[in-house]
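Asker: coordinates only, sequence not included:
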């Protein structure tokens, strides 16, 4: 569809550049991490998480923590995932999103150890 527009010159081609947003809130952090995870840039996603988790781990949303755990699962980083688990252990009892992410992380690592 876009090729048709470009051929008929009805719109000018747009060049998309990757730019990182300034993280001003947990929502910005979550969006950034989701974009990085969607692009399979899991280590960058975790680096961004590490940058903001130090002073704010209790303020981070379930979505942000879920994105971090997803990245850990994708790169099979059990050590980092376990560290996140320890940091948030006091608040996960009723958070089904985080619990599901932890189950996914540990089950993926367990599958790989038996291969």
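Answerer: On my side now, so go ahead. Bear in mind that the values here come from a model prediction, so they are computed numbers and not experimental data.

Asker: low-confidence ranges in this protein?
Answerer: 1-24, 26, 112-115 (pLDDT under 70).

Asker: Tell me where the longest helix sits in it.
Answerer: In the chain, taking DSSP state H as the definition, the longest helix is helix 96-113.

Asker: And it, what's buried?
Answerer: By 16 or more other C-beta atoms under 10 Å, the buried positions in helix 96-113 come out as 98, 101, 102, 104, 105, 106, 109. For the C-beta atoms, the positions are set from N, CA and C on the backbone; glycine is no exception.

Asker: Any idea which residue is closest to the centre of the protein?
Answerer: Residue closest to the average C-alpha location in the chain (C-alpha atoms, centre = their mean): residue 67, at 3.1 Å.

Asker: Which residues are in contact with the nearest residue to residue 98 once chain neighbours are set aside?
Answerer: For residue 98, ignoring the flanking residues on the chain, the nearest one in space by C-beta to C-beta, 6 or more residues apart in numbering is residue 92 at 4.9 Å. By C-beta atoms under 8 Å, 6 or more residues apart in numbering, the contact set of residue 92 is 85, 98, 99, 102.
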